[in-house]
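**Student:** Generate a structure from the sequence data that follows.
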Amino acid sequence: MSIFVFITCATLGIVSGIVYDVLYIARCAVCGIHSKAYTVKDRVFTIACDILYCLVFCAGFVFISVMFDFDSLRLYMLAGCLLGAVLYLKSFHVFVAFFVKKVYNVITSKKK
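**Tutor:** Below you'll find the predicted structure:
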């Protein structure tokens, strides 16, 4: 049963990476890709995206825990979520970030 719980939590980590990418694309569309040039409005939007990400992740974790009747919180459950998120961010997120920067650069060059 512990292996199933770990794999389920790792899958939740991967799904949380997808949610992160959606919010990353929204943040880049609203604030731009250069964080040094962020205004107060951009920083507030970034904080709101981070809080939304945490809330979605927590809701997903609680939903999965209730759905599969996980008895209690174990350290390997959190490790599985973290491992899934890191695997996603180190693999697919690299491609998403690359294409977001390319599209952003094309759009900003056409505005000039």
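**Student:** can you list the weak-confidence ranges in this structure?
**Tutor:** Scanning the chain for pLDDT under 70 picks out 112.
**Student:** ok, 80 please
**Tutor:** The chain contains residues with pLDDT under 80 at 1, 111-112.
**Student:** What is the longest helix of it by residue count?
**Tutor:** helix 2-31 (DSSP state H).
**Student:** just checking, what packs against that one?
**Tutor:** helix 40-67, helix 75-90, helix 92-111 (3 or more C-beta pairs under 8 Å, 6 or more residues apart in numbering; DSSP states H and E). Any C-beta I mention is one placed from the backbone N, CA and C, and that applies to glycine too.
**Student:** Relative to Val86, how far out is Asp50?
**Tutor:** 17 Å (C-beta to C-beta, to the nearest Å).
**Student:** List the backbone torsions phi and psi for Leu73.
**Tutor:** Main-chain dihedrals, Leu73, degrees, to the nearest 10: phi -80, psi 130.
**Student:** quick one: it from Ala79, how far?
**Tutor:** 12 Å.
**Student:** Settle it for me: which of these two has more neighbours?
**Tutor:** Ala79 (14 against 9; other C-beta atoms under 10 Å).
**Student:** how near is the residue nearest the centre of the chain to Val40?
**Tutor:** Against the mean C-alpha coordinate of the chain, by C-alpha atoms, centre = their mean, the closest residue is Tyr20 at 2.0 Å. Distance of Tyr20 to Val40, computed by C-beta to C-beta: 23 Å.
**Student:** got it, and Ser65?
**Tutor:** For Ser65, the distance to Val40 - C-beta to C-beta - is 37 Å.
**Student:** Then Ala85?
**Tutor:** 29 Å.
**Student:** give me every residue that touches the residue nearest to the centre of the chain.
**Tutor:** 53, 85, 88-89, 93 (C-beta atoms under 8 Å, 6 or more residues apart in numbering).
**Student:** Could you pull up the residues touching Val100?
**Tutor:** 24-25, 28, 33.
**Student:** If we ignore the residues flanking it in sequence, what's nearest Phe6?
**Tutor:** Nearest non-adjacent residue to Phe6, counting by C-beta to C-beta, 6 or more residues apart in numbering: Gly80, 4.4 Å away.
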